[in-house]
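Novice: take a look and give me a structure for this.
(chains A and B)
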Amino acid sequence: MNSKESRAPVSQKGLAVTPVKNSDISTVGGTISIEINEKKVSVPFGITILEACKRNKIHIPTLCYHPDLCIAGVCRVCVVEVEGFRTLQAACAFPITSPLKIKTSTPQVRTARRHIIDLLLSEHSGECYSCVRNGNCELQSLAQEYGVDSYTFGHVSQPKYEVDKSSTAVIRDMSKCILCKRCVRTCIDLQEVGVLEAVDKGDKTRIGTFLDKPLADVICISCGQCINRCPTAALHSSDPSDEIWKAIDDPNKHVVIQTAPSPRASIGELFDLEPGNSMTFQLNTALRRIGFDAVFDTNFAADLTIMEEGTELLLRLKKLLVEKDKTVKLPQFTSCSPGWVTFIEHFYPEYLDYLSTAKSPQQMFGAVLKTFYAAQVGIDAKDIVSVAVMPCSAKKFECNRPEMNASGYKDVDYGLTTREMAKMIKEAGIWLPEMPKSHFDSPFGDASGAGLIFGATGGVMEAALRTVYEIVTGREVPFEGLNITPARGFEGIRQASIKLENCLKEWKFLEGIDFRFIVSHGTANAKKVMEMLKSGMLKDVHFVEIMACPGGCLGGGGQPIPTTPEIRKKRAEAIYSEDASLEVRKSHKNPHITMLYEKFLTDGPCGHISHKLLHTHYTKRGRFIK
Amino acid sequence: MNKVTKQQRTGPVIFSQYERGQGIRKAFEIGRENILYELRESKLKGRGGAGFPTSMKWMLAAAAKGSEKFLVCNADEGEPGTFKDRVLLTEYPELLFDGMIIGGFTIGAKQGIVYLRGEYEYMKDNLEEYLEDLKKENLLGSKIMGNENFSFDIEIRLGSGAYVCGEETALIESLEGHRGESRNRPPYPVNTGFNGRPTSVNNVETLCAVPHIVLKGGSWYSKFGTNKSTGTKLFSVSGDCKNPGVYELRWGTTINELLVLVGAKETKAVQVGGASGVCIPENQFNRKLAYEDASTGGSIMIFNKDRNMLQVLENFMEFFTEESCGQCTPCRAGNVKLLEGVKMLKSGNYKKEYIDSLKSLAKTMQLSSKCGLGQSSPNPFLTILENFSLIT
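Specialist: Residues are numbered from 1 along each chain as shown, chains lettered A, B, ... in the order given. Reported below is the predicted structural model:
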């Protein structure tokens, strides 16, 4: 994350030295000999002292450092001694370009680190017992690591700031903030939204918003990436679990829950499992034991989304190519990432017509539950409480959008993050990995692999292609094992194309077209794509998938903390291997989807009924909120 | 107190005769390499206080890769008790701008920027007028003095009042329109400075010494002062004395000599180097003002017998508590703790052990703060507590 165009101030930006890549270390000058704690080692030229120590199994404590973010060097916890320097140096910020002699654990270093931790504790108003991050707090861990047994320089007993609960997704408790600026770097640099920045100076320094407005009144897109990187509980998500417990305990309420693929791939991490262990079927059992009346698979709705969104795309193409309607907006952008939707509403409101009108899977499912399902089970929609376990904090914002009430009631009542779900499971006395496996409930049952891979960046594109290609040509996508590899991976912006040949009679107008698509994740990349669109560079592109969060949903703002590139990679692997193991891997082949269109959405995808229930409209929010 | 005029100022180097353009003409004659040679011979060090060899800084900036380079004059004179740059900016612009032009010529910069302290806004019009005059005389702008290969322009930019912006990397951040916060180093500004380009940031006084050195030679200059601190220094003298003001003295002058010169009586303490400097008690008044002894960017504050040193210290610590940029932990939170400690001492309600742990914390701040601000802000705390029996 060292891009030159990034908006972060240089003081918080990466190093000017580009480290030598692993593959190039054999070249002359590729490595450099240094001494760490009197041991000679050879390291790639330009890497930081921190990285060099890590490679040589020397632990250096960090706090403001985060592998996803540019370097700040502000907490000073990682200081080490470097020969020839009068002062201690921050290991995270010091690039090795000469043969240094480094000492990582001298009395001076240990005293300094302990002092710094003491100082941070003197600013941090935190009562560990009553904190959502108790047991998963980096400040707490540091205090433990350095044997802090008293507050040497005092402790804040009264919160300094009022908690900002204005946002439906992200709660800011600035009294717990230790000014590591990870959130600032996340918001300005990683996501390029720019809601948070340090304001004032000296002992009055704090992280603030534009004119100190509450979060709900600034252009926050609720992506929650700041939450995932906050070392303490200064940023956390708005937790509806008390209301959900109340609904579960109310005999008059029929409480249903849908689970998204990404939480299932990551929730195990909150039960001491290594990243990459999928808990889909154990979770079903656990949720029933907690007291949910039915457990559904969001992937069913993801399949539904593919049907609607794919059909919408084909209709747009038809309008353009057959009806020669020049007003048609192409490429069509996906709309299932609520952070992305809010981003485009704020930053590119004039381009909302490019967004698919299809609701996200979460909201589609909610709409179907309170209409079709309500009728099936004979329960009034008003007595159904619909909960969604999502990897996302923006889903909380989405389910509270006033337009999301197809049945006359909120499509989805509560969005629950993976973290909050795990907390409820633990509260119920359940250890998730020990649960027997069980399937999802009828009438929606298990979904296709296409819905499942929605969790990873590129997944929506891949799922859509599996269906659209087959509808148009009558054949499966020409990729081995249906794995559309060009759509996969973690590169910020990926472009590829598939040629449409031998199209079925109905789709002859697409014959010979090079179907071009772009996959992008993280709003910083989304911004680049939008600028490409603005400058006319996307004229020949047909479909764009954008996910607000780095890595897609599996790196969502509701996912277990910590998040790193490695962890996200493992979560993706879990998702793709589960897809490969499934029998049905194409949305249109999901029998429950076919059933739904036969019995309920009788005028087909993008028909009148589905338009009323499964499609939505957007708001031109702009950058200035009154 | 009578206002001192330029004609009344005397000194061996800076306050000596100089006509604008003289240094530039000589610089063009001898060329870049000889300018650097003379500077190295002069052993001129940064006059902002840090004392980095100027020849080295310019050599690094000249050698840095990049077609676009900048020479920035640090005129953010913010250290409490210093006002010598104000005198230079208002009375000696010919020295400053000639120094900048020579600097730009030496390092290969086309653009010079004066980062002027926000409170000095009233000088801006005059300085810009002066620059216009220079342009009319072809001492500034394109092809200076007909030199085909050298064009140089100077822009005046205003700071907004933050003390930290006197730190060169924070100054550059501020120039770029960001919050005034120091950067990580390395990389250093000579490689990655303003807009990511090689940049030399020099104090007003450093630049003012350059034309004289170029004219009269490095060995002439290095005859003044001590071996490690060559040349002269402008001292801004304030506090309890008869003749406060700006003095040009040779490095190595003792505190005693200075006190006599300015007519100070019954002096108890001298704060050398401003709020972030050290506090020197009477029994050390034979110490020399020099980089290697009592070092200063210019500020000399004199306190007589009537002054309460805890009160003085409290003032300083209040200043740092407010003026820390707030980014790094030791400086932001450390100064708060030191100030609390001073308040405890003032009230008499304190534990000696706690004050000792604050002294240890002060050392951590010196060692682990991100920039010079936090690294030097504990100086008055440590020296005042050490030199005046305030803990009973």
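Novice: in contact with the closest residue to residue B:80 other than its chain neighbours, which residues?
Specialist: Nearest residue to residue B:80 in three dimensions, chain neighbours excluded: residue B:275, at 4.4 Å (CB to CB, 6 or more residues apart in numbering or on different chains). In short, each C-beta sits where N, CA and C put it, glycine included. By CB atoms under 8 Å, 6 or more residues apart in numbering or on different chains, the residues touching residue B:275 are B:79, B:80, B:81, B:316, B:319, B:320, B:377, B:380.
Novice: confirm residue B:275 sits in a helix?
Specialist: Yes - read with DSSP: H, G, I helix; E, B strand; the rest coil, residue B:275 is one of the residues of a helix.
Novice: and the pLDDT at it?
Specialist: For residue B:275, the pLDDT comes out at 96.
Novice: that one and chain A, how far apart?
Specialist: 13 Å (CB to the nearest CB, to the nearest Å).
Novice: for the residue of chain A at minimum distance from chain B, report the pLDDT, please.
Specialist: Here the residue of chain A nearest chain B is residue A:205; by CB to the nearest CB that distance is 2.8 Å. pLDDT, residue A:205: 96.
Novice: surely it touches residue B:331?
Specialist: No - Residue A:205 is not in contact with residue B:331 according to CB atoms under 8 Å; the separation is 10.3 Å.
Novice: list the residues that contact both of those two?
Specialist: Residues touching both residue A:205 and residue B:331 (CB under 8 Å, 6+ apart) are B:324, B:325.
Novice: picking that back up, got TSV for the contacts of residue B:275, with secondary structure too?
Specialist: Shown next, in TSV, are the contacts of residue B:275 (three-state DSSP):
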residue	secondary structure
B:79	coil
B:80	coil
B:81	coil
B:316	helix
B:319	helix
B:320	helix
B:377	coil
B:380	helix
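Novice: how about stretch B:374-381: buried residues?
Specialist: For stretch B:374-381, the neighbour count (16 or more other CB atoms under 10 Å in any protein chain shown) marks B:374, B:375, B:376, B:377, B:378, B:379, B:380, B:381 as buried.
Novice: avg pLDDT for that stretch?
Specialist: Here the average pLDDT along stretch B:374-381 is 97.
Novice: same question, stretch A:309-329
Specialist: Mean predicted confidence for stretch A:309-329 is 95.
Novice: CA atoms only: put that stretch into PDB for me.
Specialist: Output of stretch A:309-329 as PDB, limited to C-alpha atoms (Å, rounded to 0.1, in the frame of the first residue of the first chain):
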ATOM      1  CA  GLU A 309     -28.600  -8.900 -11.900                       C
ATOM      2  CA  GLY A 310     -27.600 -11.200 -14.800                       C
ATOM      3  CA  THR A 311     -31.000 -10.700 -16.500                       C
ATOM      4  CA  GLU A 312     -30.700  -6.900 -15.900                       C
ATOM      5  CA  LEU A 313     -27.400  -6.900 -17.700                       C
ATOM      6  CA  LEU A 314     -28.700  -8.900 -20.600                       C
ATOM      7  CA  LEU A 315     -31.600  -6.600 -20.900                       C
ATOM      8  CA  ARG A 316     -29.300  -3.600 -20.900                       C
ATOM      9  CA  LEU A 317     -27.300  -5.200 -23.600                       C
ATOM     10  CA  LYS A 318     -30.400  -6.000 -25.600                       C
ATOM     11  CA  LYS A 319     -31.700  -2.400 -25.300                       C
ATOM     12  CA  LEU A 320     -28.400  -1.100 -26.600                       C
ATOM     13  CA  LEU A 321     -27.700  -3.600 -29.300                       C
ATOM     14  CA  VAL A 322     -31.100  -4.500 -30.600                       C
ATOM     15  CA  GLU A 323     -33.200  -1.400 -29.700                       C
ATOM     16  CA  LYS A 324     -30.300   0.900 -30.300                       C
ATOM     17  CA  ASP A 325     -31.200   2.800 -27.200                       C
ATOM     18  CA  LYS A 326     -28.200   5.100 -26.600                       C
ATOM     19  CA  THR A 327     -29.400   6.100 -23.100                       C
ATOM     20  CA  VAL A 328     -28.500   2.600 -21.700                       C
ATOM     21  CA  LYS A 329     -25.800   2.800 -19.100                       C
END
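Novice: so for that stretch, what gets flagged as buried?
Specialist: Under the neighbour-count criterion of 16+ other CB under 10 Å, stretch A:309-329 has A:309, A:310, A:311, A:312, A:313, A:314, A:316, A:317, A:318, A:319, A:320, A:328 buried.
Novice: can you list the domains in chain A?
Specialist: Annotated domains of chain A cover A:10-105, A:117-237, A:301-361+A:448-614 [automatic domain parsing].
Novice: which ones are touching the residue of the stretch 201-350 of chain B found nearest chain A?
Specialist: The minimum distance from the stretch 201-350 of chain B to chain A, using CB to the nearest CB, falls at residue B:326 (2.8 Å). By CB under 8 Å, 6+ apart, residue B:326 lies in contact with A:179, A:198, A:200, A:201, A:202, A:203, A:204, A:205, B:332.
Novice: measure the fifth one to residue B:324 for me?
Specialist: With distances taken as CB to CB, to the nearest Å, residue A:202 is found 5 Å from residue B:324.
Novice: got any residues that touch both of these two?
Specialist: Common contact partners of residue A:202 and residue B:324 (CB under 8 Å, 6+ apart): B:332, B:335.
Novice: longest helix in chain B, please.
Specialist: The helix that spans the most residues within chain B, counting by DSSP state H, is helix B:22-42.
Novice: where does residue 371 land on pLDDT?
Specialist: As the question left the chain open, I've gone with chain A. At residue A:371, the model reports a pLDDT of 96.
Novice: wrong one, chain B
Specialist: On the pLDDT scale, residue B:371 gets 96.
Novice: that one: neighbour count?
Specialist: Neighbourhood size, residue B:371 [other CB atoms under 10 Å in any protein chain shown]: 24.
Novice: measure the residue at minimal distance from the centre of chain B to residue B:372 for me?
Specialist: The centre of chain B sits closest to residue B:48, judged by CA atoms, centre = their mean, with a distance of 1.9 Å. Spatial separation of residue B:48 from residue B:372 under the definition CB to CB is 9 Å.
Novice: how many other residues sit next to residue A:480?
Specialist: Residues within reach of residue A:480, counting by other CB under 10 Å, total 8.
Novice: which residue ranges form the helices in chain B?
Specialist: Going by DSSP H, chain B shows helices at B:22-42, B:54-63, B:84-91, B:93-107, B:124-136, B:168-175, B:204-216, B:218-222, B:255-262, B:309-323, B:329-347, B:352-368, B:372-376, B:378-387.
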